[in-house]
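1. When you get a sec, could you give me coordinates for this:
(chains A and B)
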Number of protein chains: 2
Amino acid sequence: MDPLHRPKGRQTRASILDAALGLAAHVGLEGLSIGVLAEILGMSKSGVFAHFGSREALQIAVIQTYHQRFEAEVFRPAMQHPRGLPRLMALLDHWVARVSVEVDAGCLYISGAVEFDDRPGAVREALVDMVRAWHAAMRKALELACEAGDLRPDTDVDQVLFELHGLILALHHDARFLRSSHAVERARSGFKHVLQRYATQTLVWA
Amino acid sequence: MDPLHRPKGRQTRASILDAALGLAAHVGLEGLSIGVLAEILGMSKSGVFAHFGSREALQIAVIQTYHQRFEAEVFRPAMQHPRGLPRLMALLDHWVARVSVEVDAGCLYISGAVEFDDRPGAVREALVDMVRAWHAAMRKALELACEAGDLRPDTDVDQVLFELHGLILALHHDARFLRSSHAVERARSGFKHVLQRYATQTLVWA
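-> Down below sits the predicted model:
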């Protein structure tokens, strides 16, 4: 059995990714260094290296891990709610809750987009793929809300998605950079304004 | 006369700042290096250093120069338009035009916010001051639109500002990171949706 695929190897890989996620949240994906990670973990540089093969592969693995956690925290719990506005609102609620945590740690999608917007390559492509994946998940939730009759059938789903995404970016900016205490409340009011424009009934959102 | 305050000294300082702005747009404020700037300009490192005294002072001067250009390109031309919605719409139009250029070069406010969100110090403070300055200018334009009777007197100006800012962030993200060709159109539709909610008449925006 390949040593990296034994349970112990998988566990070490997971520990490295965990430390790498923590580090990337503060120094960015480009700040990730195998040397610093080895120091944090009390491992040799070659030991860390053996699990990924290259810094680029490590960066991509970090993006994928971040995405899995995002799905687990934001998208999957929302699926428990009935399709339509209830699911859409649950999704946005979980997102806001996550951003509130990320006030301290930063969001890899947002910092990654700024770091890699003009750096072509495999890392940028991995980031774009992840952003497109959650765009697609949001679009699906919006389409289901139209089908369920909660949003008007003529709703411009991509426009709504753009506006909701903007509110999340503003929430991040104001909460994390300006340390504003009103950002969550403003984002939630913004979500209501956007969705109410297309809703077939008056929106009730606790 | 202090050599740095002679016309020649001012001209050299301006050339350094110009090169530094171009460099920062691509590598970020933290990527600014006096060595690289000296190379670009064919000057000695000590020659560049003499004009600023420290890398931090250079970073702050770059932020201030960026802000002056932003004011000259976005805010000042909008002041030619009558106060109220015409001025507000001109302001947003100039902003969108500027972002369209920045698809290639990046926005220092946005990249700076991500770079410095968890790095306390004088550079972060300079960035926050600049962002607060344009927030204040936008708030003023919105208040004048209320006074002019173009927006309802009960308009929540800070909420509108938050939503407009979100649309600008989404425009940047989609145009620069996702290379979307629809971002400008979506941002402009978003501006209309936000302003129409408070406008006293139907919005006409060419």
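
2. Which positions within stretch A:59-78 qualify as buried?
-> Across stretch A:59-78, burial judged by 16 or more other C-beta atoms under 10 Å in any protein chain shown covers A:59, A:60, A:61, A:62, A:63, A:65, A:66, A:67, A:70, A:74, A:75, A:78. All C-beta spots, glycine's among them, are computed from the backbone N, C-alpha and C.

3. Using JSON lines, lay out the residues you listed together with distance to residue A:51.
-> Formatted as JSON lines, those follow (distance: C-beta to C-beta, whole Å):
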{"residue": "A:59", "distance to residue A:51": "13"}
{"residue": "A:60", "distance to residue A:51": "13"}
{"residue": "A:61", "distance to residue A:51": "9"}
{"residue": "A:62", "distance to residue A:51": "12"}
{"residue": "A:63", "distance to residue A:51": "16"}
{"residue": "A:65", "distance to residue A:51": "13"}
{"residue": "A:66", "distance to residue A:51": "17"}
{"residue": "A:67", "distance to residue A:51": "19"}
{"residue": "A:70", "distance to residue A:51": "22"}
{"residue": "A:74", "distance to residue A:51": "27"}
{"residue": "A:75", "distance to residue A:51": "27"}
{"residue": "A:78", "distance to residue A:51": "33"}
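
4. Show the contacting residues for residue A:59.
-> Residue A:59 makes contacts with A:24, A:29, A:32, A:123, A:126, as judged by C-beta atoms under 8 Å, 6 or more residues apart in numbering or on different chains.

5. which residue is nearest the middle of chain A?
-> Using C-alpha atoms, centre = their mean, the residue of chain A that lies closest to the mean C-alpha position is residue A:70, 4.8 Å off.

6. close enough to count as contact, that one and residue A:134?
-> Yes: if you go by C-beta atoms under 8 Å, residue A:70 and residue A:134 touch, sitting 6.9 Å apart.

7. Mind listing the shared neighbours of the two?
-> residue A:109.

8. Okay, and which of the buried residues of stretch A:59-78 map to strands?
-> Here DSSP state E is the test, and those give no hits in strands at all.

9. List just the nearest of those to chain B.
-> Nearest to chain B among the buried residues of stretch A:59-78 is residue A:63, at 13.6 Å by C-beta to the nearest C-beta.

10. Need the nearest residue in space to that closest one, chain neighbours excluded.
-> Nearest-residue entry for residue A:63: residue A:126, 4.8 Å, with adjacent residues in sequence omitted and distances by C-beta to C-beta, 6 or more residues apart in numbering or on different chains.

11. what about that neighbour, distance to residue A:76?
-> To residue A:76, residue A:126 is 21 Å away according to C-beta to C-beta, to the nearest Å.

12. What of residue A:25?
-> According to C-beta to C-beta, residue A:25 stands 21 Å off from residue A:76.

13. and the next element down the chain from the host helix or strand of the residue nearest to residue A:63?
-> According to DSSP states H and E, residue A:126 maps onto helix A:122-147. Next along the chain after helix A:122-147, taking DSSP H and E as the criterion, comes helix A:157-172.

14. Now the helix or strand hosting residue A:90: average pLDDT?
-> Under the criterion of DSSP H and E, residue A:90 resides in helix A:85-105. Across helix A:85-105, pLDDT averages out at 87.

15. tilt between it and helix A:157-172?
-> For helix A:85-105 against helix A:157-172, the angle by axes from the mean of the first three to the mean of the last three C-alpha atoms, to 10 degrees is 30 degrees.

16. list the buried ones in helix A:85-105?
-> A:85, A:87-96, A:99, A:102-103.

17. wait, which of those residues is closest to chain B?
-> Taking C-beta to the nearest C-beta as the measure, chain B lies nearest residue A:103 of these, at 9.0 Å.

18. so the closest one makes contact with residue A:178?
-> No: between residue A:103 and residue A:178 there is no contact under C-beta under 8 Å: 10.8 Å.

19. related to what we said a few turns ago, what inclination does the helix holding residue A:126 have with respect to helix A:157-172?
-> Using the same axes, to 10 degrees: helix A:122-147 against helix A:157-172 is 120 degrees.
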